[in-house]
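Participant: this one's structure only:
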C-alpha cells in the first residue's frame, strides 16, 4: 500500500532526492538484465527485488509522509525503548540462551537486520541531507 501511495507522489520524490531515485531505477534495471542473462527463476527475482527495495520504499515514505515533528516523536519513543530493549536482549541471551539472530534482537524483530530505531534514524538523517538541512561533515 505504501508503494501505491508513493507512486502517486513520484514527482515530489524526484524533487526531494532525485539522485537516489535514479540510482534505484538503474539498480533495478541492472538486476533485471542480470537475472535475464543468468536465467534466474522469476519467483527468485521477485523475492530478491522485494528484499532490496523494501528499505527504499520505507525511506521514501518517511520523506513524503512524516514531518520533522513526527520523526522526532518517533525517535524519542524508540530511544526511550532502547534501554528496555537492551535489558530484554541481555535476558534473552544469558538467561534464555537464545543466541541466534532470529531471537537475539530484544523487543524488536530479528537482530540480523536493521531494527526500527536504526532504520528510522537512517531515513531521517538521509532526508535531512537531501533537503540540504545538514551535511555529512560536522561543523
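Facilitator: Thanks, I have the structure now. All figures in this text were calculated on a predicted structure; none of them were measured in a lab. Numbers count the residues shown, from 1 in each chain.

Participant: what about the closest residue to residue 31 other than its chain neighbours, which helix or strand?
Facilitator: The shortest distance from residue 31 to any non-neighbouring residue, by C-beta to C-beta, 6 or more residues apart in numbering, is to residue 49 (6.3 Å). Backbone N, C-alpha and C define where each C-beta goes, glycine included. Element membership of residue 49 [criterion: DSSP states H and E] is helix 42-65.

Participant: Packing partners of that helix?
Facilitator: helix 2-8, helix 10-37, helix 116-130 (3 or more C-beta pairs under 8 Å, 6 or more residues apart in numbering; DSSP states H and E).

Participant: out of those helices, deepest packed?
Facilitator: helix 116-130 (a mean of 17; mean count of other C-beta atoms under 10 Å).

Participant: What average pLDDT does it get?
Facilitator: For helix 116-130, the per-residue pLDDT values average out at 75.

Participant: which helices and strands sit right next to that helix?
Facilitator: helix 10-37, helix 42-65, helix 68-94.

Participant: could those go into JSON lines alongside distance to residue 136 and mean pLDDT?
Facilitator: Formatted as JSON lines, the helices and strands packed on helix 116-130 follow (distance: least, C-beta to C-beta, whole Å; pLDDT from 0 to 100):
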{"stretch": "helix 10-37", "distance to residue 136": "14", "mean pLDDT": "84"}
{"stretch": "helix 42-65", "distance to residue 136": "17", "mean pLDDT": "82"}
{"stretch": "helix 68-94", "distance to residue 136": "19", "mean pLDDT": "80"}
